[in-house]
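Q: sequence unknown, structure follows:
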């Protein structure tokens, strides 16, 4: 059954409130630092950060920064300034990519996510920003970088296509921080708004009818595999279990345990006769505190036993054991011994022999 999507209130109490506080604190820190600077210092900062701020019409081909020769071609930036620009771009890229990583973890918390992907979302934009600052002043470096990237092959396979979208977004975010910081800020904000909106509205979710058909196709394939190969468990793990979310796996594990307990008492219909001869129902007064005493009696008088059900009603507790008696003995004899030796805990004990 499809679970309802959380409301706006729960969304605000979660990641949305954290994002609002984060962006507000970031804006306050930047604005406070800017107000503490003198007018002359502000002009110097704007002039130094012009290549990545997109302000003042600054161009790499001008000589507005001391130490850069004038001329019609591109002049290299001073090494100290390049390092400063790279540091600012890297820090800005990490600060703007961190909310994207939070949104990724929040929207993937039910299905699960890889820690390495989250680390990639935070670290990759810093690397891209530094590379953008490095190559923007050199066409030769840009072509060299393109050749290196083409030669290096990354074999990592992402589990979900949305993971690839997040990786592409943080790459663009890093590139924007190394070229024009304002674009990076806008990209970070707009992508987060769009991602949360799509997640909240559950946009384009597969209709329940189609989900049922897909599950039925998976089951038919699993049954066909079970009928023609002895490697059913391995194929079941690859074909079905790997596609399930953690919550679905937990629900499946609960059903498997329930089915296992039913199989344990399946001797009622004659399915488990070699293991147990029948069942012994023991009624005790109060809670099941006397269970260790009862099981000690069963261990001394039965060949094998297993608790299959425990229920409490009023002031009595009923314990149902699947039991196999010793050779030459019957279950009613075991029940009488339990009733006799279990005094004062045992109120009564009855046996049901499976044919």
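A: Cool, the structure landed. Source: prediction; values computed, not measured.
Q: alpha carbons only for contacts and neighbour counts from here, please
A: Will do.
Q: how many other residues sit next to residue 281?
A: 18 (other C-alpha atoms under 10 Å).
Q: so in terms of bridging, what pairs with it?
A: Residue 281 has the following beta-bridge partners by DSSP bridges: residue 320, residue 350.
Q: which of the helices or strands spans residue 279?
A: Per DSSP states H and E: residue 279 is located in strand 278-285.
Q: after that strand, next one along is what?
A: Heading C-terminal from strand 278-285 (DSSP H and E), you reach helix 291-301.
Q: re earlier: residues of the strand holding residue 279 that come out buried?
A: Residues of strand 278-285 classed as buried under the neighbour-count rule (16 or more other C-alpha atoms under 10 Å) are 278-285.
Q: and the residues you listed, which is the shakiest by pLDDT?
A: The lowest pLDDT within these belongs to residue 285, with 81.
Q: pretty sure it contacts residue 343?
A: No. Distance between residue 285 and residue 343: 10.4 Å, which falls outside the contact criterion (C-alpha atoms under 8 Å).
Q: what's the strand holding residue 279 packed up against?
A: strand 316-325, helix 331-341, strand 346-353 (3 or more C-alpha pairs under 8 Å, 6 or more residues apart in numbering; DSSP states H and E).
Q: out of the ones you listed, which is the most enclosed?
A: Highest mean neighbour count of these: strand 316-325, a mean of 22 (counted as mean count of other C-alpha atoms under 10 Å).
Q: quick check: mean pLDDT of that one?
A: pLDDT averaged over strand 316-325 gives 88.
Q: relative to helix 331-341, how tilted is that strand?
A: In terms of direction (axes from the mean of the first three to the mean of the last three C-alpha atoms, to 10 degrees), strand 316-325 departs from helix 331-341 by 130 degrees.
Q: show me what strand 316-325 is packed up against.
A: Strand 316-325 packs on strand 278-285, strand 302-313, helix 331-341, going by 3+ C-alpha pairs under 8 Å, 6+ apart.
Q: can you rerun that using 7 Å?
A: strand 278-285, strand 302-313 (3 or more C-alpha pairs under 7 Å, 6 or more residues apart in numbering; DSSP states H and E).
Q: quick one, the first one and strand 316-325 angle?
A: Right, strand 278-285. Using the same axes, to 10 degrees, strand 278-285 lies at 150 degrees relative to strand 316-325.
Q: angle of strand 278-285 against strand 302-313?
A: 50 degrees.
Q: so strand 278-285 versus strand 346-353, what angle?
A: 170 degrees.
Q: going forward, begin numbering at 701 instead of 1
A: New numbering, starting at 701: the last item is strand 978-985.
Q: tell me the angle strand 978-985 makes with helix 991-1001.
A: Going by the same axes, to 10 degrees, strand 978-985 makes 150 degrees with helix 991-1001.
Q: one more: the last one?
A: Comparing the axes of strand 1002-1013 and helix 991-1001 via the same axes, to 10 degrees yields an angle of 150 degrees.
Q: any idea how far residue 956 lies from residue 1020?
A: The spacing between residue 956 and residue 1020, counted by C-alpha to C-alpha, to the nearest Å, is 20 Å.
Q: quickly find the element holding the closest residue to residue 883 other than its chain neighbours.
A: Leaving out its chain neighbours, the residue that sits closest to residue 883 by C-alpha to C-alpha, 6 or more residues apart in numbering is residue 876, at 5.8 Å. Element membership for residue 876 (DSSP H and E) is helix 861-879.
Q: helix or strand right after that helix?
A: Assigned by DSSP H and E, the successor of helix 861-879 is helix 881-901.
Q: quick one: buried residues of that following helix?
A: Going by neighbour count (16+ other C-alpha under 10 Å), the buried part of helix 881-901 is 881, 883-885, 887-888, 892, 896.
Q: closest one of those to residue 820?
A: residue 888 (15.9 Å; C-alpha to C-alpha).
Q: tilt between the longest helix belonging to the chain and helix 861-879?
A: Criterion DSSP state H: the longest helix present in the chain is helix 779-807. Here helix 779-807 runs at an angle of 160 degrees relative to helix 861-879 (the same axes, to 10 degrees).
Q: which of the residues in helix 779-807 are buried?
A: Within helix 779-807, the residues that qualify as buried are 782, 785-807, counting by 16+ other C-alpha under 10 Å.
Q: related to what we said a few turns ago, closest to residue 720 among the buried residues of helix 881-901?
A: For those, the nearest to residue 720 is residue 892 (11.3 Å; C-alpha to C-alpha).
Q: show me what contacts that closest one?
A: 800, 803 (C-alpha atoms under 7 Å, 6 or more residues apart in numbering).
Q: same thing but 8 Å
A: 799-800, 803 (C-alpha atoms under 8 Å, 6 or more residues apart in numbering).
Q: so residue 888 sits against residue 798, correct?
A: No. Contact between residue 888 and residue 798 fails when scored by C-alpha under 8 Å: they sit 9.5 Å apart.
Q: okay, the helices and strands packed on strand 978-985 in JSON lines with distance to residue 990 next?
A: Formatted as JSON lines, the helices and strands packed on strand 978-985 follow (distance: least, C-alpha to C-alpha, whole Å):
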{"stretch": "strand 1016-1025", "distance to residue 990": "10"}
{"stretch": "helix 1031-1041", "distance to residue 990": "12"}
{"stretch": "strand 1046-1053", "distance to residue 990": "8"}
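Q: shaky segments in this protein?
A: Residue ranges of the chain with pLDDT under 70: 701-714, 754-777, 779, 837-838, 844-857, 906-939, 958-974, 988, 1055.
Q: can I assume residue 810 sits in a strand?
A: No. Assessed with DSSP: H, G, I helix; E, B strand; the rest coil, residue 810 is coil; it does not lie in a strand.
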